[in-house]
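[1] okay, structure incoming, though there's no sequence with it:
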């Protein structure tokens, strides 16, 4: 059995595809990988808020209340809205002005971020994030019959919060029928194929403070995603530290007592949403968020905590990390 | 006057033993003949065992601005027990 393994840069991160044997009449794995790569390029060109020529930027600057939109943009907006509903507004896709005010106005791909450990020392008191009172995401509506998106002009949308997960899900749909596959869009991972059920993939979860493997999951299907503060940290105008996960209630970076969260889900969008919601909810709320599907929380002090079904499953190995305590 | 009752004569042990052996030999020969007649000699059935071995072909696609790309690639950090480079989930 041959498995094709391809890695390339896209969406400000990396994309990796492992594709097994094709089903009857399906394209060979290298061809499927090339098609997936072309799709990711199209996806990024249409949905990046850092590219002024993208359809997303066109939507955000359009002065009409009802704007014609491609199927891809409508799908992306629906994914963002489903994340907001699933998290009751905690994962809010309308915080574009707030994230720009925090200093995240251009892609930070390839940029060296500030140290998370240093940022934690100077971070404000920890508290859980809360949904924004305005609930602006509820003012977006997608109409697939007439292919439009409507919202009050001036209200902007950011598909970035669910973008990589959605890309993984859409590629996974295209790979349905291959014996096994794994789609990794910047750590948002989707797994499928009948053979993967018999011989699961090993997925390592990176510890946000040490960069070591915090634990190993064996997954035969579904999705897993991780949200963390370690990648995009920068100095703001006042000299403090900022990152990209905002508290919708304040519009400011959230410091909740957690530095990372990993979640399982049926789809990558669901896993990504649960991971973000868990991190934003803080330790106590994060346990509730992950209780049903399972996941991992990484506390400010580096402690790794298995939650929900993962806490009881013997197939999860949690190796000891130097310098962390349980 | 009555005749004295005849005493029943028991067969000798040697006769019983040889009779049993002879009967067994006859039946054994019969069964052997039947088996050999119903199963003509032919090719022996061979158990075919299919061995499936996963082989991973790794391709690292060069990205713009990256000068050096090798077959081991940046993403291939170390060998995995699963036979492919580790798949890692982390913040990105």
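    All right, it came through fine. Since this is a predicted model, take the numbers as computed values, not measurements.

[2] stretch A:31-48 near chain B anywhere?
    Yes: on the criterion C-beta under 8 Å from any C-beta of the partner chain, stretch A:31-48 is in touch with chain B at A:33, A:37. Backbone N, C-alpha and C define where each C-beta goes, glycine included.

[3] now that stretch: buried residues?
    Buried residues in stretch A:31-48, counted by 16 or more other C-beta atoms under 10 Å in any protein chain shown: A:32, A:33, A:36, A:37, A:39, A:40, A:43, A:44, A:46, A:47, A:48.

[4] and the residues you listed as JSON lines, adding pLDDT and secondary structure?
    JSON lines is the format used below for the buried residues of stretch A:31-48 (pLDDT from 0 to 100; DSSP: H, G, I helix; E, B strand; the rest coil):
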{"residue": "A:32", "pLDDT": "96", "secondary structure": "helix"}
{"residue": "A:33", "pLDDT": "96", "secondary structure": "helix"}
{"residue": "A:36", "pLDDT": "96", "secondary structure": "helix"}
{"residue": "A:37", "pLDDT": "95", "secondary structure": "helix"}
{"residue": "A:39", "pLDDT": "97", "secondary structure": "helix"}
{"residue": "A:40", "pLDDT": "96", "secondary structure": "helix"}
{"residue": "A:43", "pLDDT": "96", "secondary structure": "helix"}
{"residue": "A:44", "pLDDT": "94", "secondary structure": "helix"}
{"residue": "A:46", "pLDDT": "96", "secondary structure": "helix"}
{"residue": "A:47", "pLDDT": "95", "secondary structure": "helix"}
{"residue": "A:48", "pLDDT": "92", "secondary structure": "coil"}
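
[5] ok, those residues vs residue A:88, which is closest?
    Using C-beta to C-beta, residue A:47 comes nearest to residue A:88 of the buried residues of stretch A:31-48, at 24.2 Å.

[6] check contacts around residue B:88.
    A:184, A:187, A:203, A:204, A:205, A:206, A:213 (C-beta atoms under 8 Å, 6 or more residues apart in numbering or on different chains).

[7] and these near chain B, which?
    A:184, A:187, A:203, A:204, A:205, A:206, A:213.

[8] contacting residues around stretch A:77-94?
    Taking C-beta under 8 Å, 6+ apart as the rule, stretch A:77-94 contacts A:69, A:129-132, A:135-138, A:140, A:142, A:149, A:155-159, A:161-162, A:165-166, A:246, A:248, A:269-270, A:272-274, A:276-277, A:280-281, A:289.

[9] quick check on those residues: which are buried?
    A:69, A:129-132, A:136-137, A:140, A:142, A:149, A:155-159, A:161-162, A:165-166, A:246, A:248, A:269-270, A:272-274, A:276-277, A:280-281, A:289.

[10] among the residues you listed, which are in helices?
    Among these, the members found in helices (DSSP state H) are A:161-162, A:165-166, A:269-270, A:272-274, A:276-277, A:280-281, A:289.

[11] not counting sequence-adjacent ones, nearest residue to residue A:62?
    Leaving aside its chain neighbours, residue A:62 sits nearest to residue A:153 (7.1 Å; criterion: C-beta to C-beta, 6 or more residues apart in numbering or on different chains).
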